[in-house]
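1. next comes the sequence, and after it the predicted model I'd like to discuss.
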Amino acid sequence: MNQSYLYIDTPSGCPNCTYNGKLHRHGYYCRGVFIDNNCVDITIARVICPVCHKTHALIPDFLVPYFIYPLSVILTSLKKVFIDGHGTTYVADEIIKELAKTVSSYKQYIQ
């Protein structure tokens, strides 16, 4: 298991209630993401509010909740379809190329 989730700063303040102090570590989970035409596991840290007991995932900024593709791939694909006017087959091929280019920036999260 990749331990890089341990080094992510624990945020202050709960988005669910009025608590303004530090949230407490509450474990982690693995999540699949398509990178370099492969599905790889990324470690996601979890925190819990000591007041309302709501848990929160600390999702890295290159991911979008509930999506398997990184944000950069999603935005590039939308631009190619809606702004550049490319078809979906072309965009699918471009997704694979984009994933291959972005692997190095995700290495710290890959197990």
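-> Here it is on my side, so go on.
2. so where's this protein shaky on pLDDT?
-> Scanning the chain for pLDDT under 70 picks out 1-8, 36, 96, 98-111.
3. let's go with 80 and repeat that
-> Applying pLDDT under 80 to the chain flags residues 1-10, 34-38, 69, 72-73, 88, 91-111.
4. need the contact list for the residue most central in space within the chain.
-> The centre of the chain sits closest to Leu63, judged by CA atoms, centre = their mean, with a distance of 2.5 Å. Each residue near Leu63 by CB atoms under 8 Å, 6 or more residues apart in numbering is listed here: 31, 33, 42, 70-71. Using the backbone N, CA and C atoms, a C-beta is placed for each residue, glycine as well.
5. what about 6 Å?
-> Contact analysis of Leu63 by CB atoms under 6 Å, 6 or more residues apart in numbering lists nothing.
6. please identify which helix or strand holds it.
-> Counting by DSSP states H and E, no helix or strand carries Leu63.
7. ok, the most far-flung residue of the chain relative to its centre to Ala92 distance?
-> Here the centre of the chain is the reference, and by CA atoms, centre = their mean the most remote residue is Gly85, at 27.5 Å. Distance, Gly85 to Ala92, by CB to CB, to the nearest Å: 15 Å.
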